[in-house]
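Asker: Coordinates for the following, if possible.
(one chain, ligands or ions: 1)
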Amino acid sequence: MTSSFSNLSLAEPLARAVAEMGYESMTPIQAQAIPVVLTGKDVMGAAQTGTGKTAAFSLPLLQRLLKHENSSTSPARHPVRALVLLPTRELADQVAQQIALYAKYTKLRSTVVFGGMDMKPQTLELKKGVEVLVATPGRLLDHIEAKNAVLNQVEYVVLDEADRMLDIGFLPDLQRILSYLPKSRTTLLFSATFSPEIKRLAGSYLQDPITIEVARPNETASTVEQRFYSASDDDKRRAIRKVLKDREIRQAFVFVNSKLGCARLARSLERDGLRTAALHGDKSQDERLKALDAFKQGNVDLLVCTDVAARGLDIKDVPAVFNYDVPFNAEDYVHRIGRTGRAGATGLAVTLVSGSDARLVADIEKLIKKKIEIEAIELDDERPRGRFNEGRRAWQDEDGEARRGADRDRGRSSLSGHGGAPRSFRPAPAPRDPFFDQPYEASAAGAAAPAWEAAARPSAGRGISANIKPKRKVAALFKAPEPTVQ
Ligand code: AMP
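Answerer: Numbering: from 1, shown residues only. Predicted coordinates for the structure are as follows:
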């Protein structure tokens, strides 16, 4: 099977868009799926994000829609003919952007609707008429009920990240949406895994699907160094800081199991002096996009996220991934660490294991078929000492020596808890967080300096993907503030 786009006989506008995107050859999922989707058959595809699956379904779908392309301005001439459903706003946005790029030289119209945003602009777009509608299930139902979206002319439906949609509990919504669609249509289902639930869903809604599986979903890349460290809940943040410092890592994803835990951890890490952003389901769309952008621009060191929020984000090749919580579902471990070590680059995946995680670790071991050794990690004792002298805007040691607070205040954007407004950083006193925090009062006599006061180390830095451009290395966070003249 050839892997060149030129052998596909894509319509000229699509071929031009693909060439403009710089794609030279097809990815394995594209090579397998595109010819099948072009025939109009149902497809059940097992492919993870990052494999090129968006183009795998959208290019052939657009090619088929082009048959009835028209330049009429009448909304009635632009009914919804393809519907793409995704579990999260970010994914919907990302896929819609890609589809818009592939369709840019055609007369086909596309738009995206998802929750957390005003319905009105979405309604206006829908009323103009769109052939390709990308949506999250809940918001789509709102638009269906408001009669903004009519789905009786849909020829293609794509259930993308279907396992995630089921995990989130979208099955009833999906069933309702699918009940509005014509029976005669093509259904494409993509999922990271083919669990029994996914197979049941496929059994109900797909007709004689062609199964395409490109990568064994339980495979972990050999380019990822996987470490498991034993750490109590109280020590996990220190362990993260230690690894960042020792490995001179600039940016990382930190995974947690719950939305609440995600928000709390992001706040705590921010108080520790790291620039963090939280990404979870309760964040507004605007906050999420800001957080993502800040991470991509290198203005955020740690993106603290839940599995659902992180799934499918187009952020590739992060230097490291931390599992602050061992995932409940072993397959999520594989997805999480797949964020690092991509495209031949080496990556580090650190899982912090506390006493009650033995079974979860055993599940991971079974899934990845690799022996897991849980190591001890030697932590620096880095509780802050002294106190912050508000009047002098200076950090004061027990011995009375003042240090300039500016190093702590240097424009950290607190996306995790303060809506993105820069604020000054005051390490103490901080409210005690019953879930994660050690008390942060700076009082313990003789305690060692906090992480950000440790000596700066020369940093060779690690390779980082083109779309993540850190402005500053995390190592800089560990730089000692300069003493002020008394
Ligand atoms: P996806 O798995 O669909 O989220 O795609 C992941 C990324 O791969 C996106 O940034 C795409 O633009 C890119 N991509 C998709 N297909 C190709 C291709 N054939 N060659 C190079 N990049 C691609």
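Asker: per-residue confidence at residue 79?
Answerer: Residue 79 carries a pLDDT score of 94 in this model.
Asker: Please read the previous query as pertaining to residue 287.
Answerer: So, for residue 287, pLDDT stands at 82.
Asker: How much space separates it from residue 272?
Answerer: 21 Å (CB to CB, to the nearest Å). Any C-beta I mention is one placed from the backbone N, CA and C, and that applies to glycine too.
Asker: so residue 333 touches residue 368, yeah?
Answerer: Yes. Between residue 333 and residue 368 there is a contact at 7.4 Å, judged by CB atoms under 8 Å.
Asker: between the two, which one's more packed in?
Answerer: Using other CB atoms under 10 Å as the criterion, residue 333 and residue 368 rank with residue 333 on top: 28 against 17.
Asker: and the more buried one, helix, strand or coil?
Answerer: With DSSP: H, G, I helix; E, B strand; the rest coil as the basis, residue 333 sits in helix.
Asker: One more: residue 7?
Answerer: Residue 7 - assigned by three-state DSSP - is helix.
Asker: Neighbours of it, how many?
Answerer: For residue 7, the neighbour count with other CB under 10 Å is 11.
Asker: Check the one 4 residues further on too.
Answerer: A total of 18 residues lie near residue 11 under the criterion other CB under 10 Å.
Asker: Check the contact between it and residue 67; I expect there is one.
Answerer: No. Using CB under 8 Å, residue 11 makes no contact with residue 67, being 9.5 Å away.
Asker: picking up where we left off before, ok, residue 287 and residue 272, which is more surrounded?
Answerer: The neighbour count for residue 287 versus residue 272, taken as other CB under 10 Å, is higher for residue 272 (24 against 19).
Asker: Pull up the gap between that one and residue 244, please.
Answerer: For residue 272 relative to residue 244 (CB to CB), the value is 10 Å.
Asker: Common neighbours of the two, please.
Answerer: Residues touching both residue 272 and residue 244 (CB atoms under 8 Å, 6 or more residues apart in numbering): there are none.
Asker: so what strands line up beside the helix or strand containing residue 134?
Answerer: Taking DSSP states H and E as the definition, residue 134 sits inside strand 132-135. Here strand 132-135 has these sheet partners by DSSP bridges: strand 82-85 (parallel), strand 110-113 (parallel).
Asker: And the next helix or strand past the first one?
Answerer: Okay, so that is strand 82-85. Remark: after strand 82-85, the chain's next helix or strand is helix 89-102, criterion DSSP H and E.
Asker: Against which helices or strands is that following helix packed?
Answerer: With contacts defined as 3 or more CB pairs under 8 Å, 6 or more residues apart in numbering; DSSP states H and E, the secondary structure elements packing on helix 89-102 are helix 12-21, helix 53-65, strand 82-85, strand 110-113, strand 132-135, helix 285-297.
Asker: Tabulate the ones you listed (JSON lines), appending distance to residue 240.
Answerer: Converted to JSON lines, those look like this (distance: least, CB to CB, whole Å):
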{"stretch": "helix 12-21", "distance to residue 240": "36"}
{"stretch": "helix 53-65", "distance to residue 240": "32"}
{"stretch": "strand 82-85", "distance to residue 240": "35"}
{"stretch": "strand 110-113", "distance to residue 240": "35"}
{"stretch": "strand 132-135", "distance to residue 240": "35"}
{"stretch": "helix 285-297", "distance to residue 240": "16"}
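Asker: Tell me which of these approaches residue 104 most closely.
Answerer: Closest approach to residue 104 among those (CB to CB): helix 12-21, 5.6 Å.
Asker: Going by contacts, tell me the helices and strands next to the closest one.
Answerer: Judged by 3+ CB pairs under 8 Å, 6+ apart, the packing partners of helix 12-21 are helix 53-65, helix 89-102.
Asker: now those helices in a markdown table, with mean neighbour count, mean pLDDT and distance to the ligand?
Answerer: Formatted as a markdown table, these follow (neighbours: other CB atoms under 10 Å; pLDDT from 0 to 100; distance: least, CB to the nearest ligand atom, whole Å):
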| stretch | mean neighbour count | mean pLDDT | distance to the ligand |
| --- | --- | --- | --- |
| helix 53-65 | 25 | 96 | 3 |
| helix 89-102 | 22 | 94 | 6 |
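Asker: Redo these as JSON lines? Include distance to residue 378.
Answerer: Listed next are those as JSON lines, based on distance: least, CB to CB, whole Å:
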{"stretch": "helix 53-65", "distance to residue 378": "42"}
{"stretch": "helix 89-102", "distance to residue 378": "37"}
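Asker: chain center to stretch 106-124, what's the gap?
Answerer: The chain centre lies 22 Å from the centre of stretch 106-124; the measure is CA atoms, centre = their mean, to the nearest Å.
Asker: for that stretch, which positions count as buried?
Answerer: Within stretch 106-124, the residues that qualify as buried are 106, 108-117, 122-123, counting by 16 or more other CB atoms under 10 Å.
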